[in-house]
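Participant: missing the sequence, but the structure's below:
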């Protein structure tokens, strides 16, 4: 899954900028971002909170248009959301009026990716058991814990089989144990299904543990500070946390992020 | 389970028994001239008398029918209008002052005009009830719809939903709770407006019963009429709550 030069490019940010006009003047959110994501890559985007990482993801998902440059997916400019780019939202967005099974089946009942009912049930059963939700198949989301809702959101996104996944701090709201479980589950599913991922996170450990490449973003406006290759091959397990290279990489990236965080603090206190 | 039901019934009966006791107490205390307060048992006897000989059920039915029809028509209009206002911000900016202007008008103030334009028959009464139901329903609908989070729509888009599919499979389910709330609010307002609407020369109906009784100072009949209105409104609200509970099992909190 490490990026090789012969792999197909799936997503490209070409001189991408995004700015808003505010009464106080122009507010630059993203500034001249360039990078590409190849088939099979696992990209983690990391940076101080509020720096514009989610905005980058939103542009690739199709929720926001850049005001400068181009965002390409499969060599065509992104023009709105689509089922080939699955999105897992920070707030989960599980449909409360549908049962767990109906949530997973939702995408499969749409015309864009409709399948025969028998196949739909088979896909639902597969993800219900994979995510450990079989016992709750007919429950409504109000009966689920936060971790279970997150797994449901992931199952629902996977069910339509997107080859490309955009994840916005998907594990941010979970406790440490659930978070570790979810990370391992994600690695398992990726190993089995081979997807391309863009993950937005503020956790350095999470980025190193999961990603093949880490994009460190500056404080607002978001620019690329550094792109770091993660040297660990897949499949990975938790033992890599103990490796000396892991610690070194963590210190290095943490310092990069912290210096941006300090810059951001200075910026806000200056402007106030 | 059964004992639990009995307990809940008894608990629910306590405030009613308390109200009747207070009623007797006020009458016996002499604070108010007793001839101005009919005793509860006298009102109960009047109730049976009206029920048996004066066709009280016809009045109940006439009023219930009017309220139901007025509310259904009012809400049928309020749902699409409230939805448009909640969904499209420009529509709200355009129509908001207008809606609030008409909403602030008490239906009773419109009755002379309603008589001029719609006459004194059934249509006129329905117009007043429709008016009351529509404006209370519209507000509930548009407040509710404007608070629908765009997150669910984004989720549906990323799963490949078309505009029509988003409307059918996301927006409608999210709108149902607001329709039910609008119905309940409108029902309350419509019962409150009923007496006013039956001021327009109604022959039958609980409002008409009260109007006629007041002409002859029949306080016990007035009490019977008031209690019947409250009771029928309560039953209709309970039915709606049961329907809501059934339809909205998925909601985090039960519909209160």
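Facilitator: Now that the structure is in, tell me what you want to look at. Being a predicted model, the structure only gives us computed values, none of them experimental.

Participant: Can you give me the buried ones in the helix or strand residue B:42 falls within?
Facilitator: Under the assignment given by DSSP states H and E, the secondary-structure element containing residue B:42 is helix B:40-53. Within helix B:40-53, the residues scored as buried using 16 or more other Cβ atoms under 10 Å in any protein chain shown are B:40, B:43-44, B:46-47, B:50. In this view, the C-beta of every residue, glycine as well, is placed from N, C-alpha and C.

Participant: Equivalent analysis for stretch B:124-141, please.
Facilitator: Neighbour counts using 16+ other Cβ under 10 Å place B:124-141 of stretch B:124-141 among the buried residues.

Participant: With stretch A:197-210 instead?
Facilitator: Using 16+ other Cβ under 10 Å, the residues of stretch A:197-210 that count as buried are A:197-210.

Participant: Taking these, tell me the two that lie furthest apart.
Facilitator: The most widely separated members of the buried residues of stretch A:197-210 are A:198 and A:205, with 18.3 Å between them, by Cβ to Cβ.

Participant: Can you give me the pLDDT of residue A:6?
Facilitator: As predicted, residue A:6 sits at a pLDDT of 61.

Participant: go on, residue A:128?
Facilitator: 94.

Participant: in which helix or strand would I find it?
Facilitator: Here residue A:128 sits within helix A:117-130, counting by DSSP H and E.

Participant: Which elements pack onto that helix?
Facilitator: helix A:100-105, helix A:146-159 (3 or more Cβ pairs under 8 Å, 6 or more residues apart in numbering or on different chains; DSSP states H and E).

Participant: wait, which of the ones you listed is closest to residue A:10?
Facilitator: Among the helices and strands packed on helix A:117-130, helix A:146-159 sits nearest to residue A:10 (Cβ to Cβ), with 16.5 Å.

Participant: Run a quick neighbour tally on residue 171.
Facilitator: Going with chain A. Using other Cβ atoms under 10 Å in any protein chain shown as the criterion, residue A:171 is surrounded by 24 other residues.

Participant: nope, chain B please
Facilitator: Neighbour tally, residue B:171, other Cβ under 10 Å: 16.

Participant: Report the closest residue of chain B relative to chain A.
Facilitator: Taking Cβ to the nearest Cβ as the measure, chain B has residue B:160 as its residue closest to chain A, at 3.2 Å.

Participant: name the element that residue belongs to?
Facilitator: Secondary structure assigned from DSSP H and E places residue B:160 in neither a helix nor a strand.

Participant: I figured it hits residue A:162, correct?
Facilitator: No - counting by Cβ atoms under 8 Å, residue B:160 stays clear of residue A:162, with 9.3 Å between them.

Participant: and residue A:183, that's in a helix?
Facilitator: Yes - secondary structure of residue A:183 (DSSP: H, G, I helix; E, B strand; the rest coil): part of a helix.

Participant: Which residue lies nearest the spatial centre of chain A?
Facilitator: With distances taken as Cα atoms, centre = their mean, residue A:167 lies nearest the centre of chain A, 2.0 Å away.

Participant: Just confirm it is within a strand.
Facilitator: Yes - membership of residue A:167 in a strand is supported by three-state DSSP.

Participant: who touches it in this structure?
Facilitator: Under the criterion of Cβ atoms under 8 Å, 6 or more residues apart in numbering or on different chains, the contact partners of residue A:167 comprise A:87-88, A:197-200.

Participant: and which of those residues is nearest chain B?
Facilitator: Relative to chain B, and with distances defined as Cβ to the nearest Cβ, the nearest of these is residue A:87, at 4.2 Å.

Participant: if we can go back for a sec, can you tell me which of the contacts of residue A:167 is nearest residue B:63?
Facilitator: Distance ranking of these against residue B:63, using Cβ to Cβ, places residue A:87 first at 53.2 Å.

Participant: How many neighbouring residues does the closest one have?
Facilitator: The burial count assigned to residue A:87 is 27, neighbours taken as other Cβ under 10 Å.

Participant: Look at the spatially closest residue to it that is not a sequence neighbour and report its pLDDT.
Facilitator: Spatial nearest neighbour of residue A:87, excluding adjacent residues (Cβ to Cβ, 6 or more residues apart in numbering or on different chains): residue B:158 at 4.2 Å. Each residue has a pLDDT score; the one for residue B:158 is 94.

Participant: okay, residue B:18: pLDDT?
Facilitator: In the predicted model, residue B:18 carries a pLDDT score of 94.

Participant: So it, which state does it fall into?
Facilitator: Here residue B:18 is recorded as helix under three-state DSSP.

Participant: What are the neighbouring residues in contact with it?
Facilitator: Applying Cβ under 8 Å, 6+ apart, we find residue B:18 in contact with no residue.

Participant: Find the residue closest to residue A:263 in space, skipping its chain neighbours.
Facilitator: What sits nearest to residue A:263 in space, not counting adjacent residues and going by Cβ to Cβ, 6+ apart, is residue A:219, at 4.8 Å.

Participant: Show the pLDDT at that neighbour.
Facilitator: At residue A:219 the predicted local confidence, pLDDT, stands at 86.

Participant: can you check residue B:178 too?
Facilitator: pLDDT for residue B:178: 91.

Participant: Report the separation between it and residue B:185.
Facilitator: Per Cβ to Cβ, to the nearest Å, residue B:178 is found 10 Å from residue B:185.

Participant: what sits in contact with each of those two?
Facilitator: Where contact means Cβ under 8 Å, 6+ apart, the residues bridging residue B:178 and residue B:185 through contact with each are residue B:140.

Participant: When the two are compared, which one has more neighbours?
Facilitator: More crowded of residue B:178 and residue B:185, by other Cβ under 10 Å: residue B:178, with 23 against 19.

Participant: Just to check, the more buried one is in contact with residue B:138?
Facilitator: No - using Cβ under 8 Å, residue B:178 is not in contact with residue B:138, being 11.0 Å away.

Participant: Now for these two: what residues contact both?
Facilitator: Where contact means Cβ under 8 Å, 6+ apart, the residues bridging residue B:178 and residue B:138 through contact with each are residue B:82.

Participant: ok, and the closest non-adjacent residue to the spatially most central residue of chain B?
Facilitator: Among the residues of chain B, the smallest C-alpha distance to the mean C-alpha position (Cα atoms, centre = their mean) belongs to residue B:187, namely 1.7 Å. Of all residues beyond its chain neighbours, the one nearest residue B:187 is residue B:71 (5.4 Å), with distances taken as Cβ to Cβ, 6+ apart.

Participant: Look up which helix or strand the one you found falls in, please.
Facilitator: helix B:56-87.

Participant: Mind giving me the packing neighbours of that helix?
Facilitator: Helix B:56-87 sits against helix B:40-53, helix B:89-104, helix B:122-146, helix B:172-197, helix B:206-215, helix B:219-247, with contacts defined as 3+ Cβ pairs under 8 Å, 6+ apart.

Participant: The ones you listed: lowest mean pLDDT?
Facilitator: Across the helices and strands packed on helix B:56-87, helix B:89-104 has the smallest mean pLDDT, namely a mean of 86.

Participant: Nearest spatial neighbour of residue A:171, chain-adjacent residues omitted?
Facilitator: With Cβ to Cβ, 6+ apart as the measure, residue A:179 is the residue that lies nearest to residue A:171, at 4.6 Å, once sequence neighbours are left out.

Participant: Pretty sure that neighbour sits against residue A:173.
Facilitator: No - the criterion here is Cβ under 8 Å, and residue A:179 misses it with residue A:173 at 9.2 Å.

Participant: what about these two, which has more around it?
Facilitator: Here residue A:179 and residue A:173 are set side by side on neighbour count (other Cβ under 10 Å), and the busier one is residue A:179, at 19 against 15.
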